[in-house]
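Undergrad: I would like the atomic coordinates for the input below:
(one chain, ligands or ions: 1)
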Amino acid sequence: QGLVVTQLDVEPGECIKVKGKILSDAKGFAVNVGKDSGTLMLHFNPRFDCHGDINTVVCNSKEDGTWGEEDRKADFPFQHGDKVEICISFDTTEVKVKLPEAEFEFPNRLGMEKIQYLAVEGDFKVKAIKFS
Ligand SMILES: C=CCO[C@@H]1O[C@H](CO)[C@@H](O[C@@H]2O[C@H](CO)[C@H](O)[C@H](OCc3cn(Cc4cccc(/C=C/CN=C(N)N)c4)nn3)[C@H]2O)[C@H](O)[C@H]1NC(C)=O
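TA: Reported below is the predicted structural model:
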């Protein structure tokens, strides 16, 4: 189990910054934000080699424990061993994942108005978390 932060109150326009390092033999990692583990605004899941996906960012939402439709992104701006800084922000229509050289968007399917939960899972070593 990775880092889990609960009792957050992140509002639209605010930013959650996760700094860390991808393991050198990473198969995949995930950053989840939402209400709790069963209700996710965004499951941001870069896959190097897992579930049959190679170098693919898979995004999804989860409502009361049920996954939504997956959204596979074209961009894969990650490499084994990379130090990454991921900024997550949202508004009522979409959630954005900003990296220094890439940006991903995903619809705010559940119309969530605040983020109360953050979890980082898989082959990623969290160095710092910043809320701004
Ligand atoms: C083709 C067959 C049917 O279709 C597949 O059906 C699978 C099951 O539904 C989906 O997979 C599911 O997709 C979900 C998103 O939609 C979640 O990602 C879920 O994972 C949840 C989960 C998270 N976590 C923690 C975690 C997260 C990241 C890395 C690790 C560990 C790395 C291990 N490191 C090693 N070993 N070095 C661990 N555990 N489970 C995944 O199982 C596939 O996408 C889907 N594929 C396609 C093409 O449609």
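Undergrad: Smallest distance to the ligand belongs to which residue of the chain?
TA: G122 (2.6 Å; CB to the nearest ligand atom). No exception for glycine: its C-beta is placed from N, CA and C like everyone else's.
Undergrad: can you pull the contacts of that residue?
TA: G2, A26, K27, G28, F29, A30 (CB atoms under 8 Å, 6 or more residues apart in numbering).
Undergrad: 7 Å - rerun?
TA: Each residue near G122 by CB atoms under 7 Å, 6 or more residues apart in numbering is listed here: G2, G28, F29, A30.
Undergrad: which of those residues sit farthest apart?
TA: G2 and G28 (12.1 Å; CB to CB).
Undergrad: quick one, which of these two is more surrounded?
TA: Using other CB atoms under 10 Å as the criterion, G2 and G28 rank with G28 on top: 21 against 16.
Undergrad: In space, what's closest to the residue of the chain closest to the ligand - neighbours in sequence excluded?
TA: Nearest non-adjacent residue to G122, counting by CB to CB, 6 or more residues apart in numbering: F29, 3.6 Å away.
Undergrad: and the one you found, what helix or strand is that in?
TA: strand 29-36 (DSSP states H and E).
Undergrad: In the protein, what residue spans correspond to strands?
TA: 3-5, 16-22, 29-36, 39-50, 53-63, 66-67, 71-72, 83-90, 94-99, 102-107, 117-122, 124-131 (DSSP state E).
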